[in-house]
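1. Next come a sequence and a model predicted from it.
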Number of protein chains: 2
Amino acid sequence: MSTAEETAGGEAQPWGEVTPDAARRLLLAAVEAFAERGYHATTTRDIAGRAGMSPAALYIHYKTKEELLHRISRIGHEKAVEILRTAARAEGSPAERLADAVSSFVRWHAGGRTTARVVQYELDSLGPDARAEILGLRRQVDAEVRGIIEDGVRTGDFDVVDVQGTTLAVLSLCIDVARWFNVDGPRTPEEVGALYADLVLRMVGAGARGAAQR
Amino acid sequence: MSTAEETAGGEAQPWGEVTPDAARRLLLAAVEAFAERGYHATTTRDIAGRAGMSPAALYIHYKTKEELLHRISRIGHEKAVEILRTAARAEGSPAERLADAVSSFVRWHAGGRTTARVVQYELDSLGPDARAEILGLRRQVDAEVRGIIEDGVRTGDFDVVDVQGTTLAVLSLCIDVARWFNVDGPRTPEEVGALYADLVLRMVGAGARGAAQR
DNA sequence: AGCCGCACTAAGCGCTCGCTCACCCTTGCC
DNA sequence: GGCAAGGGTGAGCGAGCGCTTAGTGCGGCT
């Protein structure tokens, strides 16, 4: 029995792979701060303070403030790719897989809103190299969704003229959840996920009443 | 003959109401800079430099850097409300009005992407008072779109279960255009507007082939 | 016991930020 | 021509930034 790694809490336990404990606390503090105020408005003193450490402690675990953002962004994007890949490669009709992809992707953006905000909206704050790496992961995200839609068009389940444009719109809809979703608002992540899955099925011409009721 | 006010250029001529000429140039420079790097990453020296002035000149026309953002945000939101109001109060079926609202709103976000970016994504950088004022304008934006959708439901043209949720999704889709649209990309603002109008009609259950072909 | 290694801190360096102030030109009125 | 008004500038203030460095306390080897 090693250290008790399984934590409870509403947001699964992400960041499990960040290994020195102090480094993980700093990273978590940075996610919170970046999500609240944005990367440029966040100070290293604020991050260290939230983690209960002195400002200098940050530089033992991370070379720069930007490295923190880079790490957060990469881990977050990898999680996003994983979520969509799982849904895309599951069994079921294209409509079922698309609904599953959208609802789980939306749940991730709504439930882990702090993380998703940083991941989706602070890309421009990265330097050119880190940014290029992240853009590669974004292309994978796009490819997974486009794959499902192409499948549906091929089988005749979907009626889509502009596959790439529709893919973009579907992803855009999901991502923007991170901007407006409010934890104290009237909707749960599950409700938004279900609503959005329905809307997306309509967008691809697989009306909810055709496929989602199986 | 007064000063030649009619400018050419792809983006109409907005900011016509900002009256001392130097103040308008500063505001325009601020829009560019905020859109490129974000509010917090933009320096007052950068803004003044883009406008061809010294750093101190900014403070003759604006009390603080935040006042610049506030002015930009208010003018932009008023323009957004105006666009949607015009479409909502036009004649025509709910489907025609919704398609019109979405396509013109999307064209505004895509074509004036620099402005739209600042307007939609820098809201959190405002202080509490300015922010509250802008949120009032956002509620008007929401109300205009919701009004059209409610009309469509009432007449039976639309099939929508969750009117408020669908309104949110439609607006979210349009707004996020400002995040991803690329002027050098393969799509024109008009093409995106047409695509999105079609997708939104599908979302409300007024399939494109029912109404958009008139 | 002695001591190395390392996570961490207190203090502060150099720099740039938002913003101010004393002064200077141009313009228009008498 | 004299002069007030106001848009503009050069220099620079205090503050806070990202980040560094010298030193401290502690755990685990030998």
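-> Okay, I see it.

2. what's the domain layout of chain A?
-> Structurally, chain A divides into domains by automatic domain parsing as follows: A:21-61, A:65-211.

3. check whether the longest one contacts DNA strand C.
-> I take that to be domain A:65-211. No. Using C-beta under 7 Å from any atom of the strand, domain A:65-211 stays clear of DNA strand C, coming no nearer than 12.6 Å. (C-beta placed from N, C-alpha, C; glycine too.)

4. As CSV, the domains of chain A with distance to B:L27 would be great.
-> Formatted as CSV, the domains of chain A follow (distance: least, C-beta to C-beta, whole Å):
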stretch, distance to B:L27
domain A:21-61, 21
domain A:65-211, 22
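
5. Any chance of JSON lines for those domains, columns mean neighbour count and mean pLDDT?
-> Below are the domains of chain A laid out as JSON lines (neighbours: other C-beta atoms under 10 Å in any protein chain shown; pLDDT from 0 to 100):
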{"stretch": "domain A:21-61", "mean neighbour count": "18", "mean pLDDT": "94"}
{"stretch": "domain A:65-211", "mean neighbour count": "19", "mean pLDDT": "94"}
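
6. need the residues of chain A near DNA strand D, please.
-> Checking chain A against DNA strand D by C-beta under 7 Å from any atom of the strand, the hits are A:T42, A:T43, A:T44, A:R45, A:D46, A:P55, A:A56, A:Y59, A:K63, A:T64, A:K65, A:E66.

7. can you pull out the helices in chain A?
-> A:21-37, A:44-50, A:58-61, A:65-88, A:94-111, A:113-121, A:128-155, A:163-175, A:177-180, A:189-203, A:208-211 (DSSP state H).

8. Using CSV, list the CA coordinates for the fifth one.
-> This points to helix A:94-111. Extracted C-alpha coordinates of helix A:94-111, given in CSV (Å, rounded to 0.1, in the frame of the first residue of the first chain):
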residue,chain,number,x,y,z
PRO,A,94,-22.4,7.2,-35.3
ALA,A,95,-25.3,9.1,-33.6
GLU,A,96,-24.7,7.3,-30.3
ARG,A,97,-21.0,7.9,-30.5
LEU,A,98,-21.4,11.6,-31.4
ALA,A,99,-23.9,12.1,-28.6
ASP,A,100,-21.6,10.4,-26.2
ALA,A,101,-18.6,12.4,-27.3
VAL,A,102,-20.5,15.7,-27.0
SER,A,103,-22.1,15.0,-23.7
SER,A,104,-18.8,13.8,-22.0
PHE,A,105,-16.8,16.7,-23.6
VAL,A,106,-19.4,19.2,-22.3
ARG,A,107,-19.4,17.6,-18.9
TRP,A,108,-15.7,18.0,-18.7
HIS,A,109,-15.9,21.7,-19.7
ALA,A,110,-18.7,22.4,-17.3
GLY,A,111,-17.5,20.3,-14.3
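
9. Which strands and helices lie in contact with that helix?
-> helix A:65-88, helix A:113-121, helix A:128-155, helix A:163-175, helix A:177-180, helix A:189-203, helix A:208-211 (3 or more C-beta pairs under 8 Å, 6 or more residues apart in numbering or on different chains; DSSP states H and E).

10. and that helix, how far from the chain's centre?
-> 11 Å (C-alpha atoms, centre = their mean, to the nearest Å).

11. ok and that helix relative to helix A:65-88, angle-wise?
-> Counting by axes from the mean of the first three to the mean of the last three C-alpha atoms, to 10 degrees, helix A:94-111 lies at 150 degrees to helix A:65-88.

12. between helix A:94-111 and helix A:128-155, how many degrees?
-> Using the same axes, to 10 degrees: helix A:94-111 against helix A:128-155 is 150 degrees.
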